[in-house]
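Asks: let me see the structure of the following:
(chains A, B, C and D, ligands or ions: 6)
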4 protein chains.
Amino acid sequence: MEKLIITAAICGAEVTKKHNPNVPYTVEEIGREAEAAYNAGASIIHLHVRYDDGTPTQDKERFRVCIEEIKRRCPDVIIQPSTGGAVGMSNDERLQPIELLPEMATLDCGTLNFGGDEIFVNTENTIKYFGEKMIEKGIKPEIEVFDKGMVDYAIRFAREGYILEPMHFDFVLGVQMAATARDLAFLVDSIPPGSTWTVAGIGRYEMPMAAMGIAMGGHVRVGFEDNVYLEKGVLAKSNGELVEKVVRIARELGREIATPDEARRILGIKKR
Amino acid sequence: MEKLIITAAICGAEVTKKHNPNVPYTVEEIGREAEAAYNAGASIIHLHVRYDDGTPTQDKERFRVCIEEIKRRCPDVIIQPSTGGAVGMSNDERLQPIELLPEMATLDCGTLNFGGDEIFVNTENTIKYFGEKMIEKGIKPEIEVFDKGMVDYAIRFAREGYILEPMHFDFVLGVQMAATARDLAFLVDSIPPGSTWTVAGIGRYEMPMAAMGIAMGGHVRVGFEDNVYLEKGVLAKSNGELVEKVVRIARELGREIATPDEARRILGIKKR
Amino acid sequence: MEKLIITAAICGAEVTKKHNPNVPYTVEEIGREAEAAYNAGASIIHLHVRYDDGTPTQDKERFRVCIEEIKRRCPDVIIQPSTGGAVGMSNDERLQPIELLPEMATLDCGTLNFGGDEIFVNTENTIKYFGEKMIEKGIKPEIEVFDKGMVDYAIRFAREGYILEPMHFDFVLGVQMAATARDLAFLVDSIPPGSTWTVAGIGRYEMPMAAMGIAMGGHVRVGFEDNVYLEKGVLAKSNGELVEKVVRIARELGREIATPDEARRILGIKKR
Amino acid sequence: MEKLIITAAICGAEVTKKHNPNVPYTVEEIGREAEAAYNAGASIIHLHVRYDDGTPTQDKERFRVCIEEIKRRCPDVIIQPSTGGAVGMSNDERLQPIELLPEMATLDCGTLNFGGDEIFVNTENTIKYFGEKMIEKGIKPEIEVFDKGMVDYAIRFAREGYILEPMHFDFVLGVQMAATARDLAFLVDSIPPGSTWTVAGIGRYEMPMAAMGIAMGGHVRVGFEDNVYLEKGVLAKSNGELVEKVVRIARELGREIATPDEARRILGIKKR
Ligand SMILES: [Mg+2]
Ligand SMILES: [Mg+2]
Ligand SMILES: [Zn+2]
Ligand SMILES: [Zn+2]
Ligand SMILES: [Zn+2]
Ligand SMILES: [Zn+2]
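Replies: Ligands and ions are numbered 1, 2, ... in the order given. Reported below is the predicted structural model:
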């Protein structure tokens, strides 16, 4: 089995200090959380940024300072900005961080509900536009999949030239598609040979899904974006604690942890 | 195995006379197509309506005259209006046909892309609102599922009281989630015990999916909404031809065809 | 989709004239049944042979005369002798027909129960021995799979050099593993890319499984060995009737029928 | 989720002191290993017995003294003798330990290869005989499943009255059926609602399968019978070490460990 790539989703756009006071907003806090995750074993930082008051933003300059701060603390870590943005943003607003030429960025492969009246919109045209931009800039997309048909979309977009193969998938389970072993196994069976994958279980499904990802030979994403608890009723003190837990499980299962450079090799990313 | 319930989706909102001149627009044409499907073996008419120029509408009065025309020709058939509507419509505009107290109506259980810049929006709040209205009016929902997570949504909404059990699902495959045996088998494995299901394969997947539905003990939807071809390169002359093909396959597999009253019993619908 | 290869299992070792008087025993009867199946569309004859009193045998000479009779009537058909044999036979007794250098032969990939006190024995050493002999003689094995783990066995034996890739599988369902869409889809997902497969449903599962095989892009086996009924309560007059039914379903689904030479190309068999 | 039932398969019939010097043969050694597993968190001891020289036996008297020794050390643990026996044994020889009226016993639900020329024989008649005896004596069977079709067998035997429901399954993966998440998820989806299950991964699959069992809400079997290594290249000093590892993973995933009495309640076993 390949070594395990741990992605830390340290911040997110929806979780706040009300959920867990350790959710980072400021540049300094984001640097601190990235560093804690990195020291614990994360090789990829999945990054949203916020203003100091916690308001999420896709602002290029804010991404720039946050990325500089992370690189200062963890020079070799892979940074993966989110292109999710917020309701009402244009494609180009959402794509701002990719102008900074990160090694990776997210590419959400479909539209779905986010509860209440909210929708997370990624039309076919948006997906194609994002895909083309990432090819143009040499950025490896992490294809975010919230439901099985989004894998089928990605396969079609790859065939049509909007995504390069081999693809790297992130299965985000517990939002729309259930976070169960049968769902995860079905998704893994659905991706093209040669693809890589990671799994992110939302809320209380974070660690069970992580354990399955480790045992199945996939990769794992954890962090405050997906879950703020270390265990039932106990808030995590940092993203580092969540990564440490993943590392302990991996060790029990004999799975070694990938460094950022090993992750680059596994994912086929050329270091910038 | 239960007898086979055939639903005819005779019209749809997106397919036009340009795709197949036999697509019905006028009241007379809709009556003609419903009758042909019914005579061939359909026990449910899945109904969208249009103005005479082909423009789709959710107008209650247009639904009323179309339903009257269908009932005049096929007195006992089950009529299942669509609540899909069109982009920009309010919930109540979409729900107009249910004020006519049909025995069934569709309940789309999630939001997804419909190609290009189009989205088919069904927020959580919309689904809950539609579900409550159908319970209030004693209408059996056909839960439209375009991807696996929509089954998981439906299960949650049922638990929360917005949908009554046992549920009846319609798996619409080939839009977002692929139209394959493994996808269909996975969906069937995902619904609660006691549920019923039908499958609608889009485009060239219509008949392969129908054959699987028949062989698996599920039910089948065909019609111009999903596919306008009888076979490769040959346009169907009517919805009746598509239903006849399903009946022939069912006969080869020893599966009998349900009458409307048998369909009511299988689905747990009290005749109005 | 590839054209459909229909294999006719015209005789078997367990079914008798008591089950259906048209089950062939004599050379003439075997010729007649092979010809009827071939004329209806079968491109492969899966062959067991018997003495005139119905006793099954692996005798090389009996195979020789039966094969000659079939070739006289259907010169280009592919003949696939069974190597199943009977309880208590040695490996070499079971392998007699492969000395006649047929284009194919069966290779059963595991041991399982056959009801009551009976066992169908294929130890690991037997499988390896059979595999090596078929490689040596240039015979394409049809890998008979009665349960999922037999696929896993075959993959291991291929890795170890006892079976050449690409492999051709025959999923025999309804003996040990259930004959359902979910089982079939799971098996199909389990075989290596580039493999081909056929499905044989036993008893009343014959035609539902055939319909799925057609719709899924696989291939189909039918015949008296697996089922003697044309429909519920109606005995088939010949193997030809069963093949005709498969052809009718294939036609409804737009799937063309492979000739023997087309089957050779699909399976990678060089004509002797 | 239910608390986690850990079964320790402390001895087995095939593994020897050559594989790991801590494999128990004598009554004292078996007592020692059972106690270590129990102290670590096992609530069920899956038991084979041997003579002092390591020869496996189904001898009733040997079972009696071993069970007494285990009960002396762990008074409340559930003891589950194996009825697997060895090649050439009669049904009644294999069934000897159930005359001691243990609370559980194994019921192997099919015949399969065990490597080389070896077969593990459980004909249909044997399974029925074992099932009837266990019903007669009020013993809860652990249904050993090595391949998917063995679940289908068990379901049939339950319908025919040879096994009482709800059933408890043990999925032994890595012998015939592969030890992967997709196989395990498929098996879990295949058992009747209300059933319970445990998973035993063989060799290097032991801990990955255990992690999946924990994360999926199933139960777990580990022990020298299935695997003698604590980690790659490191022999386990005792069955206790293997159970401890399971307990650590369960703790990371927030799953509590069942006591023997809690296991009885979960499995529906009345304490003798
Ligand atoms: Mg696959
Ligand atoms: Mg199920
Ligand atoms: Zn994110
Ligand atoms: Zn519709
Ligand atoms: Zn045969
Ligand atoms: Zn054992």
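Asks: do any residues in stretch A:81-101 lie close to chain B?
Replies: No. Using Cβ under 8 Å from any Cβ of the partner chain, we find that stretch A:81-101 stays clear of chain B, coming within 10.8 Å at best. Where you see a C-beta, it was placed from the backbone N, CA and C, and this is true even at glycine.
Asks: leaving out chain neighbours, which residue sits closest to residue A:189?
Replies: residue C:189 (5.3 Å; Cβ to Cβ, 6 or more residues apart in numbering or on different chains).
Asks: the strands in chain A, which residues?
Replies: Ranges of strands in chain A, per DSSP state E, are A:6-9, A:44-47, A:49-50, A:56-57, A:78-81, A:104-108, A:112-113, A:119-120, A:140-145, A:168-173, A:196-201, A:219-222, A:229-231, A:234-235.
Asks: ok, which of the ones you listed comes nearest ligand 1?
Replies: Taking Cβ to the ion, strand A:196-201 is the member of the strands of chain A nearest to ligand 1, at 12.9 Å.
Asks: which residues of chain A lie near ligand 1?
Replies: Within chain A, the positions adjacent to ligand 1 are residue A:189 by Cβ under 5 Å from the ion.
Asks: residues in contact with the residue nearest to residue A:189?
Replies: A:189, B:182, D:182 (Cβ atoms under 8 Å, 6 or more residues apart in numbering or on different chains).
Asks: among these, which are in helices?
Replies: A:189, B:182, D:182 (DSSP state H).
Asks: could the residues you listed go into a markdown table alongside distance to residue A:203 and pLDDT?
Replies: Compiled in a markdown table, these are given as follows (distance: Cβ to Cβ, whole Å; pLDDT from 0 to 100):
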| residue | distance to residue A:203 | pLDDT |
| --- | --- | --- |
| A:189 | 25 | 97 |
| B:182 | 28 | 98 |
| D:182 | 24 | 98 |
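Asks: the residue of chain A found nearest ligand 2: neighbouring residues, count only.
Replies: Chain A approaches ligand 2 most closely through residue A:182 (8.9 Å), counting by Cβ to the ion. By other Cβ atoms under 10 Å in any protein chain shown, the residues close to residue A:182 number 19.
Asks: then the one 10 residues further on?
Replies: Each residue near residue A:192 was counted by other Cβ under 10 Å, and the total is 15.
Asks: do you know the pLDDT at it?
Replies: Turning to residue A:192, the model gives it a pLDDT of 97.
Asks: so what's the most centrally placed residue in chain A up against?
Replies: With distances taken as Cα atoms, centre = their mean, residue A:46 lies nearest the centre of chain A, 4.6 Å away. Contact partners of residue A:46, counting by Cβ under 8 Å, 6+ apart, are A:7, A:8, A:9, A:10, A:80, A:82, A:106, A:142, A:221, A:223, A:225.
Asks: now those residues as a markdown table including neighbour count?
Replies: A markdown table is the format used below for those (neighbours: other Cβ atoms under 10 Å in any protein chain shown):
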| residue | neighbour count |
| --- | --- |
| A:7 | 25 |
| A:8 | 32 |
| A:9 | 29 |
| A:10 | 33 |
| A:80 | 25 |
| A:82 | 24 |
| A:106 | 22 |
| A:142 | 26 |
| A:221 | 28 |
| A:223 | 29 |
| A:225 | 24 |
